[in-house]
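Asker: what follows is a predicted protein model with its sequence.
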Amino acid sequence: MTAPGALSYDPLDPGLWRDPYPTYERLRDEDPVHYVEDRGFWVLSRFADVMAATCDTDAFSSAHGLTFEEDEITKLGLMPTLVMMDRPRHTLYRRLVNSMFTPRAVAEREDAVRAFTRSRLEHVVQMGEADFVAEVASPLPSFVVADYLGVPEHDRSAFGGWSSAIVSASASGNMLSAGKAVGELYAYFTALAAFKKDHPAHDMISVLLDSDVDGRPVTVEEILGFCFVMVAGGNDTASGLIGGTAALLSEHPDQRRLLTVDPERIPRAVEELLRFLSPVQGLSRTSTREVAVGPRERAVTIPAATKVHLLFASANRDPREFGPDAGTLDVTRTVARTVAFSSGPHHCLGAAAARLEGRVAIEELLRWAPGFVVDTDAGRYAPGPFTRRFEYLPIRVNP
């Protein structure tokens, strides 16, 4: 982590992964348009600058990947995915599946999500002590992603293994390390798509097989890209929200009590938890031209063709946007807007699904184990600068 007196942002420092917020605060206050010289990219940390960059897709492009490096998806020989497209191409492809992710469509999956969550928590209660990530925070998002993709129940064990490998590689920014898992996953979904041509169902692959783009059917390669985005983007982010929520509610019994006494507060609490936790700590864009960032009198010019990292987690705790108590968890807070799901054209497609998972997880956790205790100090964060999530989190529940 940053040493006293020296301001720097080292995305690969394990100390930063555990407690990044002092560094974020210094970046916002001292150098909000920060240049990481040894890695050659810029960092934006204030809410106004991050929000503006997410919305200005003409100046800040996603087409060259979302990490500090040139995107490794292409190094694996794979086609660019939805998240690596700019308008109008991005809009064209996003429209193919938008209808599956509206709040109304997501609500139709609530019964299945709740039943699965209850089964996992029932097991935790029977055990008395468990790893909350292994039992709940990881399996629940994997279940939702598999359900969306139409993965049959008997294949979900293998699917979970591939997902874990891809999630770990994506979080570290080194997708090449997941080459074997990506190959196996793509082979599986190629076969599954062939099956669903003759056996369509209510899942994303079936929807895409029945769609066209540019006057032609969607190709299998394009379908594989959608599958990859779901696996890489829908697992670790929701896991970060669910695991982080359990830790925070254990650490803040006053906040947990408010939700226990009045469960109707939970949807608002989810918005505050998304702001406070920001499971996606940040993603990168590439400048297409020279861009002046910051107040006019103190603007910094970022050159063209340069990586620019948008620190969502820092922006979401910026007192300039959220007031002097921005660094405090308040489940009664009214959150008008955040960048927890980015913003603009690349606002997260799965936002409603993530909100559903977070809400159901809180409701069922408070119902099944209202006196739960999480040992946050013994928890272990997953490596990587992009998504902040526990990979191990011990929980103890009352018998």
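Answerer: On my side now, so go ahead. Since the structure is predicted, the reported quantities are computational estimates derived from the model, not experimental observations.
Asker: quick check: next helix or strand after the one helix or strand Arg118 maps to?
Answerer: Using DSSP states H and E, Arg118 maps to helix 110-127. Once the chain leaves helix 110-127, the next helix or strand it forms, by DSSP H and E, is strand 129-131.
Asker: which strands or helices does that following strand pack on?
Answerer: When contacts are defined as 3 or more Cβ pairs under 8 Å, 6 or more residues apart in numbering; DSSP states H and E, strand 129-131 packs onto strand 394-396. Quick note: C-beta positions are derived from backbone N, CA and C, even for glycine.
Asker: in its sheet, what does the strand it packs on sit against?
Answerer: strand 129-131 (antiparallel), strand 373-374 (antiparallel) (DSSP bridges).
Asker: got a list of contacts for the following helix or strand past the last one?
Answerer: The one in question is strand 373-374. Once strand 373-374 ends, the next helix or strand along the chain (criterion: DSSP H and E) is strand 380-381. Residues from elsewhere that reach strand 380-381, judged by Cβ atoms under 8 Å, 6 or more residues apart in numbering: 17-18, 388-393.
Asker: and the next helix or strand past strand 380-381?
Answerer: With DSSP H and E, the next secondary element past strand 380-381 is strand 390-392.
Asker: picking that back up, out of the strands paired with strand 394-396, which one sits most buried?
Answerer: strand 373-374 (a mean of 18; mean count of other Cβ atoms under 10 Å).
Asker: quick one, phi psi at the closest residue to Val397 other than its chain neighbours?
Answerer: Excluding its sequence neighbours, the residue lying closest to Val397 (Cβ to Cβ, 6 or more residues apart in numbering) is Ala369, at 3.9 Å. Dihedral angles of Ala369 (phi, psi; degrees, to the nearest 10) stand at phi -140, psi 60.
Asker: what residues does Ala369 make contact with?
Answerer: Applying Cβ under 8 Å, 6+ apart to Ala369 gives the contacts 121, 124-125, 395, 397-398.
Asker: follow-up on the earlier one: I'd like the strands paired with strand 394-396 as TSV, with distance to Ala313 appended.
Answerer: TSV is the format used below for the strands paired with strand 394-396 (distance: least, Cβ to Cβ, whole Å):
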stretch	distance to Ala313
strand 129-131	24
strand 373-374	20
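Asker: got TSV for these, with mean pLDDT and distance to Ser343 too?
Answerer: Listed next are these as TSV, based on pLDDT from 0 to 100; distance: least, Cβ to Cβ, whole Å:
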stretch	mean pLDDT	distance to Ser343
strand 129-131	97	34
strand 373-374	97	31
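Asker: what's the closest of those strands to Asp236?
Answerer: strand 129-131 (15.9 Å; Cβ to Cβ).
Asker: pull the residues that contact the closest one.
Answerer: 123-124, 392-397.
Asker: ok, then the element right after that strand?
Answerer: helix 132.
Asker: scan this protein for its longest helix.
Answerer: Secondary structure assigned by DSSP state H gives helix 179-198 as the longest helix of the chain.
Asker: which helices and strands sit right next to the helix or strand just after that helix?
Answerer: Of the helices and strands lying after helix 179-198 in sequence (DSSP H and E), the nearest is helix 204-209. Judged by 3+ Cβ pairs under 8 Å, 6+ apart, helix 204-209 is in contact with helix 139-149, helix 179-198, helix 220-234.
Asker: just the CA trace of the last one, in PDB.
Answerer: These are the backbone C-alpha positions of helix 220-234, laid out as PDB (Å, rounded to 0.1, in the frame of the first residue of the first chain):
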ATOM      1  CA  VAL A 220     -21.700 -19.200 -32.900                       C
ATOM      2  CA  GLU A 221     -18.600 -17.100 -32.300                       C
ATOM      3  CA  GLU A 222     -20.700 -14.100 -31.300                       C
ATOM      4  CA  ILE A 223     -22.800 -16.300 -29.000                       C
ATOM      5  CA  LEU A 224     -19.600 -17.500 -27.300                       C
ATOM      6  CA  GLY A 225     -18.600 -13.900 -26.700                       C
ATOM      7  CA  PHE A 226     -21.900 -13.300 -24.900                       C
ATOM      8  CA  CYS A 227     -21.300 -16.400 -22.800                       C
ATOM      9  CA  PHE A 228     -17.800 -15.200 -21.900                       C
ATOM     10  CA  VAL A 229     -19.100 -11.800 -20.800                       C
ATOM     11  CA  MET A 230     -21.700 -13.500 -18.600                       C
ATOM     12  CA  VAL A 231     -19.100 -15.800 -16.900                       C
ATOM     13  CA  ALA A 232     -16.300 -13.200 -16.500                       C
ATOM     14  CA  GLY A 233     -18.600 -10.300 -15.500                       C
ATOM     15  CA  GLY A 234     -21.500 -11.900 -13.600                       C
END
